[in-house]
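Chemist: Sequence and predicted model, in that order:
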Amino acid sequence: MDIINTYVIPHLIYPGLKKSLLTLHKNTPKNFRVILVDQSRNDNSELLKEGLVDVIVKCSRNLGFAKATNIGLRMADTEYVTALNDDVEMIYDRWWEDLMTVFRDREDAGAVNPHSPRNPQGGGGICDQYIYRDVLKDGNYTDEQMNEMKQVFSRGSKPGQEQIYPAGCTYCTVFRRSALLDVGKQENSPYGIALYDEAFGTGGGEDYDLVRRMGLKGYRFYGTHRSFVYHWWLSTRSMLQEAGYGESAYASTAKGYNTFRGKWGPTHGKGPNDTLDGADVYGRSGPKEPLDGQPWFSVVPL
C-alpha cells in the first residue's frame, strides 16, 4: 500500500504514548509513517525497534506544541500530514475511511479533524459523552455502537452539513499537504509551507491561529461526526503541572488565548462564549474561549 499520510506526534510526558501508537497501528490502513518529536527525558528508542514509529526526533527540552509539530510538518512529504496528539486512541477500524469522505465531499477542505466522545464540560471539567472502551483489551467498538455514536453527535446538524462543522482544536487533524504548501506560498513562508505560529509557545491557541490563516486563504477546516477517535483532553497539561512544570492547564490555555487576541484583535459582543473575529475557517467567527471559568463549549452527559 502506498504511503499517503505522515503522523507528526509531539511527545513530552504522557505515559500512554505506546498505547496510543498501538491503537493507531491496529485501526488504521497501513498507508502511513510516524514521526515522533520526543521532548521527554526518557529513551523511547524501543518504539523505533518495534516498528511503532519510523523516525524519532529527540529534543533536549519542552519546545511547546507549535515548535515541536512544525519540525515534523517540515519533514513530511506525503499527500496528507496529520498533527496527532500523543493522547489520542483510534477506536475502530474505519475512522480513516470515514474521515476521507469529508475530503471527497468538500473540495474546499484544507484540514479535517475527527470527533471525540470525551470533551470539555461546563464548569471546566471533562465529560465522557459515550462509554469509554479499551480497544486493546476489549476489542473495537461494534458497528452498532459506532452508528449510535454518529447519530447521537449529529443531532442538530444543519441540512446539507450533516456530521460536519467548523473546527479548531488540532488533536488529530489531517491536513492536505497541498493546502499547507499553498497557504505557505501565499504567506511567503521561508519554509515553503504554512506552519503553526511558534510565538504561542506552550500556551495554546496556535491551532485556532492556523485555522484562521487557512480560512483567509480560501481553505476550510472541518470537524466531523462521521469519524471518531478518543482524545484524553488536557491530560498532558494536567500532568505537566503535577510534575512541577509550572502553571495549570487552565492558566496555560488562557495565556494562549490572550496571545491570540493580541495578534488578531478583541472579541465582539459581551457573552462569556463570544467568538474571536476571523478565527474560524470562514474567516468570520471563532472558538469558544475558556476564560473566566468558561469551557470551550458546554456539553451535557448522555
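Modeler: Sure, I can see it.

Chemist: and the helix or strand containing Gly215, how far out from the chain's middle?
Modeler: Using DSSP states H and E, Gly215 maps to helix 206-216. Distance, stretch centre to chain centre, for helix 206-216: 13 Å (C-alpha atoms, centre = their mean, to the nearest Å).

Chemist: before we move on, what about stretch 21-29?
Modeler: 17 Å.

Chemist: still on that earlier bit, output the contacting helices and strands for the helix holding Gly215.
Modeler: strand 109-115, helix 177-186, strand 220-228, helix 249-264 (3 or more C-beta pairs under 8 Å, 6 or more residues apart in numbering; DSSP states H and E). For glycine as for every other residue, the C-beta is placed from the backbone atoms N, C-alpha and C.

Chemist: In contact with the residue nearest the centre of the chain, which residues?
Modeler: Per C-alpha atoms, centre = their mean, the C-alpha nearest to the average position across the chain is that of Tyr171, at 1.7 Å. Applying C-beta atoms under 8 Å, 6 or more residues apart in numbering to Tyr171 gives the contacts Leu84, Asn85, Asp87, Val88, Asn113, Ser116, His231.

Chemist: Out of the helices and strands packed on helix 206-216, which gets nearest to Tyr208?
Modeler: Across those, Tyr208 has its closest neighbour in helix 249-264 (6.1 Å, C-beta to C-beta).

Chemist: Identify the farthest-apart pair in the contacts of Tyr171.
Modeler: Applying C-beta to C-beta across the contacts of Tyr171, the maximum distance is between Asp87 and Asn113, 14.6 Å.

Chemist: These two: who's more crowded?
Modeler: Applying other C-beta atoms under 10 Å to Asp87 and Asn113 shows that Asn113 carries more neighbours, namely 28 against 21.

Chemist: Tell me which of the helices and strands packed on helix 206-216 is the most buried.
Modeler: strand 109-115 (a mean of 25; mean count of other C-beta atoms under 10 Å).
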